[in-house]
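**Student:** The sequence and its predicted three-dimensional model are supplied below.
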Amino acid sequence: MGKKKGHKVAICIPTRGEMEVGTAFDLALMCGYDSRFRKDGQQALYTVAGTLIFDQREKLAETALKEGADYILWVDADMRFPKNTIQHLISLDKDIVGANATTRVPPIHGTAKNAWINKEEKTITWQKISSKDKKGLERVTAIGCGVMMVKADVFRNTPRPWFWFEQLPGEKLLGEDVYFCVKAHDAGYETWVDHDFSNVIGHVGSHTFGWHDVASKEEDGSDELLYTKDGSCELSWAQRPDQPDS
């Protein structure tokens, strides 16, 4: 018998036509590291530009399955992630697993959610999940697709459409990523968030800088020059609270 071929990972990146430089840098490091670590593994990279995110994801997943992917790694075009992302997420051996990425504008909160169903009142309450000061794996209702690894069989055994928007009674519109996790759950698959992994993920946002960004002496967490009351200054190397960990 011949040697079994390694897992083929399809890296799927929906975009609006652009990718953050940091994301491109991390992608190159990840692909190079994975090629060395999983010498018998394979990679395939797919992207679709557009504005209909649910349609982009649907097309990307369909193409990846047609070309024999064993796993689909979703990476959004504005995410930062470590070089061992592929190897780490595969090693967890979960149907759907990934990062609880934060939002990129204030108020900052996680994108992972749990649903609480009140059968008597026929209502659903969504609880946002924090990964701050947490470790390990947690089973959840849904996570965002920012950095998410999915076994290909989840798609093969879940009815289409895999991605769509859903309006629930009394609730705001749920995104295509939550829709996917819920539909996969109905097909018998679980979604997990890795809190350790979540704490090394970054979500690139935008910020327009001005003099209001110069911190006062009383404020913490600035990497700017800190001005004292007598007009002198000192340099603080503390990390700004609005920047992801390196």
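**Tutor:** Yep, it's here.
**Student:** can we go C-alpha only for contacts and neighbour counts from here?
**Tutor:** Noted.
**Student:** Look up which helix or strand the nearest residue to T141 once chain neighbours are set aside falls in, please.
**Tutor:** Once flanking residues are discounted, T141 sits nearest to N114: 4.7 Å by C-alpha to C-alpha, 6 or more residues apart in numbering. In this assignment (DSSP states H and E), N114 forms part of strand 113-118.
**Student:** I'd guessed I72 sits against V150; true?
**Tutor:** Yes. Contact status for I72 versus V150: in contact at 5.2 Å, counting by C-alpha atoms under 8 Å.
**Student:** The closest residue to D55 other than its chain neighbours in helix, strand or coil?
**Tutor:** Closest residue in space to D55, ignoring its immediate chain neighbours: F163 at 7.3 Å, by C-alpha to C-alpha, 6+ apart. Of the three states, F163 takes coil under DSSP: H, G, I helix; E, B strand; the rest coil.
**Student:** picking up where we left off before, list the buried residues of the next helix or strand along the chain from the strand holding N114.
**Tutor:** Later in the chain than strand 113-118, the nearest helix or strand by DSSP H and E is strand 123-128. For strand 123-128, burial by neighbour count (16 or more other C-alpha atoms under 10 Å) applies to I124.
**Student:** hang on, the earlier thing: which residues sit in contact with the residue nearest to T141?
**Tutor:** When contacts are counted by C-alpha atoms under 8 Å, 6 or more residues apart in numbering, N114 is found next to 126-129, 140-142.
**Student:** circling back: so which bits of the strand holding N114 are buried?
**Tutor:** By 16+ other C-alpha under 10 Å, the buried positions in strand 113-118 come out as 113-114.
**Student:** F197 contacts A99, doesn't it?
**Tutor:** Yes. Between F197 and A99 a contact is recorded at 6.1 Å, counting by C-alpha under 8 Å.
**Student:** More neighbours: those two, which one.
**Tutor:** For F197 versus A99, the count of surrounding residues by other C-alpha atoms under 10 Å is larger for A99: 29 against 22.
**Student:** who's in contact with the spatially closest residue to F81 that is not a sequence neighbour?
**Tutor:** With C-alpha to C-alpha, 6+ apart as the criterion, F81 has its nearest non-adjacent residue at 5.1 Å, and that residue is I201. The neighbourhood of I201, defined by C-alpha under 8 Å, 6+ apart, consists of 79-82, 99, 101, 244.
**Student:** what about stretch 96-105, start to end distance?
**Tutor:** End-to-end distance for stretch 96-105, by C-alpha to C-alpha, to the nearest Å: 26 Å.
**Student:** And for stretch 102-110?
**Tutor:** 4 Å.
**Student:** any idea how far it is from the chain center?
**Tutor:** The chain centre lies 13 Å from the centre of stretch 102-110; the measure is C-alpha atoms, centre = their mean, to the nearest Å.
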